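[1] Give me coordinates for this.
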Amino acid sequence: MSTPAASHRTLYDWFAASAARHGDRPALEVAGTTLDYGQLARRVEALAARLRQHLGARPPRRIGLLAARTAVAYAGYLAIQRLGATVVPLGPAFPAGRNAAVTRAADLDAVLADTTADHPEPLGVPTLTLTDDALAALPAATVPGARTAHPDDLAYLLFTSGSTGVPKGVPVRHRNVCAYLAHVVARTGAGPGDRFSQTFDLTFDPSVHDMFTAWGSGATLVVPSRGELLAPVRFVNRRALTHWNSVPSLVSLAQRLRALKPDSMPTLRHSTFCGEPLTLQQAAAWHRAAPASTLENAYGPTELTVTCVTYRLPADLADWPATRNGTVPIGAPHPGLELRLDDGELCMRGPQRFPGYLDPTENAGRFLAPDGAPHDPATALTDAHWYRTGDRVAPLPGPAGAPPLLVHLGRGDQQVQVHGYRVELGEVEAALRALPGVRDAAVLPLATPGGTELTAAYTTDDPATTPDGLRTALRARLPAYMVPASLTALDALPLNRNGKLDRAALGAALAVTP
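    Coordinates of the predicted model:
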């Protein structure tokens, strides 16, 4: 007899099964509206029918979703899945040029939008724009001849920062995300009546965890406003959350607000942090404020489907492991995933591994052959190939009989995490060099009490080229989290004996640790 998880072959199956079982239980709280599973399912069906009508006779393959923290955003995500199409989240706060570049690279058939975009310029494909009121007013409808997705079809396509200066497309198949959910939905121990936070934007793949661990268990997805995100402890208590998921930076924010008082979040039962290193100090502060909550540190690049390695801290602080760098271990791989260490770099394969980048040229250097040799890009990728994460890890002996825990030691390249988002320093540098008046530029990570930000140095022959002017120009090209917090003009960038950028010397000049 198959388990419910085994019967879920597509992302939409996880929602549909809960809608069938828990129709009158709350599924979504967003923008002052509460929808139960039955209501949400009917709005999804009506929206899918409206999208199908909007597109005409051609079945959609890929649909962009330009929406954030509205009923249209979440019903839209499900409606695209209902049509058997691939959802491609676009950033409402991103510059129009970046969304246009993603639209072209993804070869979108259409875009579904709400009215939250900062730059609502046309994207060159048919666009359906709805408000939440217009969504609620759609007539009841069914989707005639809706395509049924196959497990090998793409569930979603996300674009991450690319070292060449161009966003990099990461496709994830239904079988990848279903393998992930089969593990994490059960791990959360959730069910009807539980209430999940949704702190992540849809362009960031932990949002998939929030939506479908909630909807896969019959729980409620609770979407905060931007203002509520600035007061996380108040958000937890006002909304009586039971399950939390965020970047560790929100712990630091709560600490600065002096809100993490002992027992200050009594409703929480399960807390997960991901997207950037979680320090033992941050974890201890959260544990004291939510002592009834399990506390997990999760790790995973987008290419390995949300998270692939997780560690649950013991309930007693006295049993917590000590690490040299003061971070919580990232743990051991999810079921079915294999790892190998290649000169300290974590390489993984298994059912959560993506099929390769949207642009196959991006695969070069990112995979190992099944025997651990470098992958020949001229040969086809198989499930047996190892994905090179670029992350350096070290084993930490675990309890007797248990596999060693992994500790994250940092990156082996120029990739950093900024407020949970993956950023290639090379992409920011390329954007800076492309601006008028800039001869050369370099970008370094900057450690702050609230997490990691970016700082940059540039050279110029034009006295009119100023940091403020460059920052304004960058905001028109890059998402806000990729715009350096500070820019410094130098006569020349420091070079080492080989004529390459000396990042250590540059860090000293900028008073940061590279």
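
[2] the helices in the stretch 1-150 of the chain, which residues?
    4-7, 11-21, 37-55, 71-82, 96-106, 132-137 (DSSP state H, counting those that start in this stretch).

[3] if you compare those helices, which one is most tucked away?
    Of all these, helix 71-82 has the most neighbours on average by mean count of other Cβ atoms under 10 Å, namely a mean of 28. (Each C-beta comes from the backbone N, C-alpha and C, glycine too.)

[4] on contacts alone, who are the packing partners of that one?
    helix 11-21, strand 26-30, helix 37-55, strand 62-66, strand 86-90, strand 110-113, helix 132-137 (3 or more Cβ pairs under 8 Å, 6 or more residues apart in numbering; DSSP states H and E).

[5] Nearest to A290 among these would be which one?
    strand 26-30 (20.4 Å; Cβ to Cβ).

[6] residues making contact with the closest one?
    Applying Cβ atoms under 8 Å, 6 or more residues apart in numbering, the contact partners of strand 26-30 are 18-19, 34-37, 39-40, 69-71, 73-74, 214-215, 220-223, 239.

[7] if I read this right, V247 contacts T272, doesn't it?
    No: using Cβ atoms under 8 Å, V247 is not in contact with T272, being 10.5 Å away.

[8] These two - which one has more neighbours?
    Neighbour totals were compared for V247 and T272, and T272 leads with 26 against 23 (other Cβ atoms under 10 Å).

[9] In three-state terms, how would the more buried one be classified?
    Secondary structure state of T272, per DSSP: H, G, I helix; E, B strand; the rest coil, is strand.

[10] Next, A430: secondary structure please.
    Strictly by three-state DSSP, A430 counts as helix.

[11] same deal with the one 10 residues further on?
    Using three-state DSSP, the secondary structure recorded for D440 is strand.

[12] host element of the nearest residue to it once chain neighbours are set aside?
    Among residues not flanking D440 along the chain, T459 sits closest, at 4.9 Å (Cβ to Cβ, 6 or more residues apart in numbering). Using DSSP states H and E, T459 sits within strand 451-460.

[13] residues in contact with the next helix or strand after that strand?
    Per DSSP H and E, the first helix or strand lying C-terminal to strand 451-460 is helix 467-475. By Cβ under 8 Å, 6+ apart, the list of residues contacting helix 467-475 from outside reads 95, 428, 431-432, 435, 438, 458, 482-484, 486-489.

[14] Kindly indicate which of the residues you listed lies nearest A110.
    A110 lies nearest to P95 out of the contacts of helix 467-475, by Cβ to Cβ, at 20.9 Å.

[15] what about the residue lying closest to that closest one once chain neighbours are set aside, how many residues close to it?
    Nearest non-adjacent residue to P95, counting by Cβ to Cβ, 6+ apart: A476, 5.3 Å away. Residues within reach of A476, counting by other Cβ under 10 Å, total 13.

[16] Please report how far A476 lies from T127.
    21 Å (Cβ to Cβ, to the nearest Å).

[17] What is the neighbour count of the closest residue to R312 other than its chain neighbours?
    Among residues not flanking R312 along the chain, E296 sits closest, at 4.9 Å (Cβ to Cβ, 6+ apart). Applying other Cβ under 10 Å, we find 23 residues neighbouring E296.

[18] Make 36 the first number, not 1, from now on.
    With 36 as the first residue, the last one maps to E331.

[19] Now E331. Its backbone dihedrals?
    With angles defined as degrees, to the nearest 10, E331 sits at phi -120, psi 140.

[20] which residues does it form a beta bridge with?
    T307, R347 (DSSP bridges).

[21] Would you agree it is in contact with F308?
    Yes: if you go by Cβ under 8 Å, E331 and F308 touch, sitting 7.3 Å apart.

[22] re earlier: for the helices of the stretch 36-185 of the chain, which one sits closest to P498?
    Comparing these against P498 with Cβ to Cβ, the closest turns out to be helix 131-141 (27.6 Å).

[23] what's the angle between that closest one and strand 97-101?
    160 degrees (axes from the mean of the first three to the mean of the last three Cα atoms, to 10 degrees).

[24] Could you check how far helix 131-141 is from the centre of its chain?
    Helix 131-141 sits 18 Å away from the centroid of its parent chain (Cα atoms, centre = their mean, to the nearest Å).

[25] So which elements touch that helix?
    Applying 3+ Cβ pairs under 8 Å, 6+ apart, one finds that helix 131-141 makes contact with strand 97-101, strand 121-125, strand 189-195, strand 203-208.

[26] For those strands, give me JSON lines that also has distance to W321, mean neighbour count and mean pLDDT.
    Compiled in JSON lines, these are given as follows (distance: least, Cβ to Cβ, whole Å; neighbours: other Cβ atoms under 10 Å; pLDDT from 0 to 100):
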{"stretch": "strand 97-101", "distance to W321": "31", "mean neighbour count": "25", "mean pLDDT": "98"}
{"stretch": "strand 121-125", "distance to W321": "28", "mean neighbour count": "26", "mean pLDDT": "98"}
{"stretch": "strand 189-195", "distance to W321": "27", "mean neighbour count": "23", "mean pLDDT": "97"}
{"stretch": "strand 203-208", "distance to W321": "29", "mean neighbour count": "22", "mean pLDDT": "97"}
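
[27] mind listing what D188 touches?
    By Cβ under 8 Å, 6+ apart, the neighbours of D188 are 45, 119, 121, 208-209.

[28] Can you tell me how far it is from P206?
    In terms of Cβ to Cβ, D188 sits 10 Å off from P206.

[29] swap in R133?
    Distance from R133 to P206, counting by Cβ to Cβ: 19 Å.

[30] What of D418?
    Distance from D418 to P206, by Cβ to Cβ: 15 Å.

[31] Quick one: the strands in the stretch 286-435 of the chain, in order.
    Along the stretch 286-435 of the chain, the segments classed as strands by DSSP state E, counting those that start in this stretch run 305-308, 329-334, 344-347, 367-368, 373-377, 380-384, 402-403, 421-431.

[32] Does anything pack onto the longest one? Which helices or strands?
    Packed against strand 421-431 by the contact rule (3+ Cβ pairs under 8 Å, 6+ apart) you find strand 373-377, strand 380-384, strand 402-403, strand 440-446.

[33] Show residues contacting the second one.
    Identification of contacts with strand 380-384 by Cβ under 8 Å, 6+ apart yields 339, 343, 368, 372-376, 403, 418-428, 441, 447.

[34] Write a ChimeraX command that selects only the buried members of these.
    To isolate the buried members of the contacts of strand 380-384 in ChimeraX, using 16 or more other Cβ atoms under 10 Å:
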select :339,343,368,372,374,403,420,421,422,423,424,425,426,427,428,441
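
[35] Report pLDDT for the residue nearest to R347.
    Per-residue pLDDT puts E331 at 98.

[36] T38 now?
    Confidence score, pLDDT, at T38: 50.

[37] P529 now?
    Per the predicted model, pLDDT is 86 at P529.

[38] Kindly report the same for R347.
    97.

[39] same thing with T138?
    So T138 comes in at 97 (pLDDT).

[40] same question, G200
    pLDDT, read off for G200, is 67.

[41] Find the nearest non-adjacent residue to E488, please.
    Using Cβ to Cβ, 6+ apart and skipping the chain neighbours, the partner closest in space to E488 is A520 (4.3 Å).

[42] What's the local residue count around the one you found?
    12.

[43] Next, the distance between the ends of stretch 297-315.
    End-to-end span of stretch 297-315 (Cα to Cα, to the nearest Å): 17 Å.

[44] returning to what we had before: between D188 and P206, what contacts are shared?
    T121.

[45] Thought D153 was touching the residue nearest to P130, still the case?
    No: between A511 and D153 there is no contact under Cβ under 8 Å: 10.9 Å.

[46] Would you list the phi and psi of A527?
    Note on A527: backbone dihedrals following degrees, to the nearest 10 are phi -160, psi 150.

[47] Look up how far G504 lies from the closest residue to it other than its chain neighbours.
    Among residues not flanking A527 along the chain, T494 sits closest, at 6.0 Å (Cβ to Cβ, 6+ apart). For T494, the distance to G504 equals 15 Å [Cβ to Cβ].
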